[in-house]
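Student: give me a model of this one.
(2 chains)
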Amino acid sequence: MSSRERGSKPDLYVAARIIKTLKENNGMKRTALATACDLAYNRLVKYLDWMSEKGFVEIDGEGVVYLTPKGEEAYNRLVKWILEYIGRLKFPRF
Amino acid sequence: MTEDDLVRKVEELMNLVDQVKLYRKALAYIPDLAIAVLSVTCVSLLIFILVKICFITSGIFSSFSGFTSAGSYMSPEVALLLFLLPSLWATVIGMLLIELKVKKVRTGEWSSLLKEGAPAAIKLLMETDWESLFSGIMLMKLWLAIKMLNWLFLSYIIILPIFQSLFILLPLPLFWTHKSIIGLITFVLVTPIILLINKKNIKEFYRNIKSIDLLIIDLRWLYNELKGARLEA
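Tutor: Numbers count the residues shown, from 1 in each chain, chains lettered A, B, ... in the order given. Predicted coordinates for the structure are as follows:
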């Protein structure tokens, strides 16, 4: 995370992208994950630190990243929660 | 409800953001349109003065133009022809030109990002300038009202002279043939017809205004909730 990000909450887009990528290909090397998420390696590592602290991902000794059920649940809850509000919107057609 | 539903809903929201962008652009042209219409009105006035000075006194047009050489009397038809019609036509043409210009505005730049799925939908939601969106939606209402009035004016311009001509041709008592009476009666008769012709537009306008109001309420709710959005299990 950048110095600006460190002081504030993490970018949901980046976190959600990491989780979505791991949901699709669970068990990825950090470098492959950084490429798949189109993120700078250093930035990914900082996000992974934060996410493993929260228990959303696990990293084994070989540096392979796994999505935990907690991480998947957090992602699904976020999507469901946003959808709950945005789902109510009725857009007029002009 | 799935991630695809979220993406679909965000796509609808972004389409609305694009529409707001278009309406903002359209409204930005309104001062130019006002200047153009005022210029047309001034030119009309100038032509009227020139015609009056050059020809009226010689009596060339007095027999059919509605002018009289005796005084400053000007029939309502001529006044309408000289001032109202050119200005209104300038308004109508101006509005059509604005619509053409607005169609050239680039939209849908977010669509490639949205292909990434739910994370991109979240990003777009987080990066939306909500306050600007709300004010833009209010401007959309204003634009819809201007457009509606414009169609009503256009209908009057087309239908009113036709009815006035028909009315003049009818064999009526002398009192009824007075110009102001004919003008008033045709206006009263034409108004319901114009409202009937524009019934669909008026209904649609009312429905759109109502749905915009409801949308603003729901969007404000979404905006307030999104401020507290975070990942947690």
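Student: name the residues of chain A found near chain B, please.
Tutor: Counting by Cβ under 8 Å from any Cβ of the partner chain, chain A comes close to chain B at A:9-10, A:12-13, A:15-17, A:20, A:54-56, A:70-71, A:73-75, A:77-83, A:85-92, A:94. Where C-beta positions appear, they are placed from N, C-alpha and C, glycine not excepted.
Student: what is the burial count for A:Ala74?
Tutor: Neighbour count for A:Ala74, taken as other Cβ atoms under 10 Å in any protein chain shown: 22.
Student: quick one: contacts of the helix or strand where B:Ile98 lies?
Tutor: When elements are assigned from DSSP states H and E, B:Ile98 belongs to helix B:85-103. With Cβ atoms under 8 Å, 6 or more residues apart in numbering or on different chains as the test, helix B:85-103 has contacts from B:22, B:25-26, B:29-30, B:33, B:36-37, B:40-41, B:43-44, B:146-147, B:150, B:153-154, B:157.
Student: next helix or strand past that helix?
Tutor: Immediately after helix B:85-103, counting by DSSP H and E, sits helix B:111-114.
Student: list the helices and strands that next one packs on?
Tutor: In this structure, helix B:111-114 makes packing contacts with helix B:3-28, helix B:118-127, judged by 3 or more Cβ pairs under 8 Å, 6 or more residues apart in numbering or on different chains; DSSP states H and E.
Student: cross the contacts of helix B:85-103 against helices and list the overlap.
Tutor: Of the positions in the contacts of helix B:85-103, B:22, B:25-26, B:30, B:33, B:36-37, B:40-41, B:43-44, B:146-147, B:150, B:153-154, B:157 sit in helices, assigned by DSSP state H.
Student: ok, of these, which come out buried?
Tutor: Neighbour-count burial (16 or more other Cβ atoms under 10 Å in any protein chain shown) applied to the ones in helices among the contacts of helix B:85-103 gives B:22, B:26, B:33, B:36-37, B:40-41, B:44, B:146-147, B:150, B:153-154, B:157.
Student: what pLDDT, on average, does stretch B:195-215 get?
Tutor: For stretch B:195-215, mean pLDDT is 90.
Student: near chain A at all, it?
Tutor: Yes - Stretch B:195-215 reaches chain A (Cβ under 8 Å from any Cβ) through B:Arg207, B:Asn208, B:Ser211, B:Ile212, B:Leu214, B:Leu215.
Student: can you tell me how far B:Ile47 is from B:Met126?
Tutor: Using Cβ to Cβ, to the nearest Å, we find B:Ile47 at a distance of 58 Å from B:Met126.
Student: distance of A:Gly61 from B:Val17?
Tutor: Applying Cβ to Cβ, the value for A:Gly61 to B:Val17 is 47 Å.
Student: same drill for these two, tell me which one is more crowded.
Tutor: Ranked by neighbour count (other Cβ under 10 Å), A:Gly61 and B:Val17 place B:Val17 first, with 18 against 5.
Student: ok, B:Tyr156 - contacts?
Tutor: So B:Tyr156 contacts B:Val190, B:Ile194 (Cβ under 8 Å, 6+ apart).
Student: if I look at it, how far off is chain A?
Tutor: 24 Å (Cβ to the nearest Cβ, to the nearest Å).
Student: cool, B:Tyr29 as well?
Tutor: 18 Å.
Student: name the nearest residue to that residue, sequence neighbours excluded.
Tutor: B:Ile98 (4.7 Å; Cβ to Cβ, 6 or more residues apart in numbering or on different chains).
Student: okay, now the one you found: neighbour count?
Tutor: Neighbour tally, B:Ile98, other Cβ under 10 Å: 21.
Student: OK, contacts around B:Phe163?
Tutor: Counted by Cβ under 8 Å, 6+ apart, B:Phe163 has contacts B:Thr186, B:Leu189, B:Val190.
Student: buried residues, the helix or strand encompassing it. List them.
Tutor: For B:Phe163, the element it lies in under DSSP H and E is helix B:130-169. Residues of helix B:130-169 classed as buried by neighbour count (16+ other Cβ under 10 Å): B:133, B:136-137, B:139-141, B:143-144, B:146-148, B:150-157, B:159-161, B:163-164, B:167.
Student: could you flag which of the contacts of B:Phe163 are buried?
Tutor: B:Thr186, B:Val190.
Student: can you count the residues close to the spatially closest residue to B:Trp130 that is not a sequence neighbour?
Tutor: Distance criterion Cβ to Cβ, 6+ apart; nearest residue to B:Trp130, sequence neighbours excluded, is B:Tyr223 at 4.5 Å. By other Cβ under 10 Å, 16 other residues sit near B:Tyr223.
Student: B:Tyr223: what secondary structure?
Tutor: Per DSSP: H, G, I helix; E, B strand; the rest coil, the local secondary structure of B:Tyr223 is helix.
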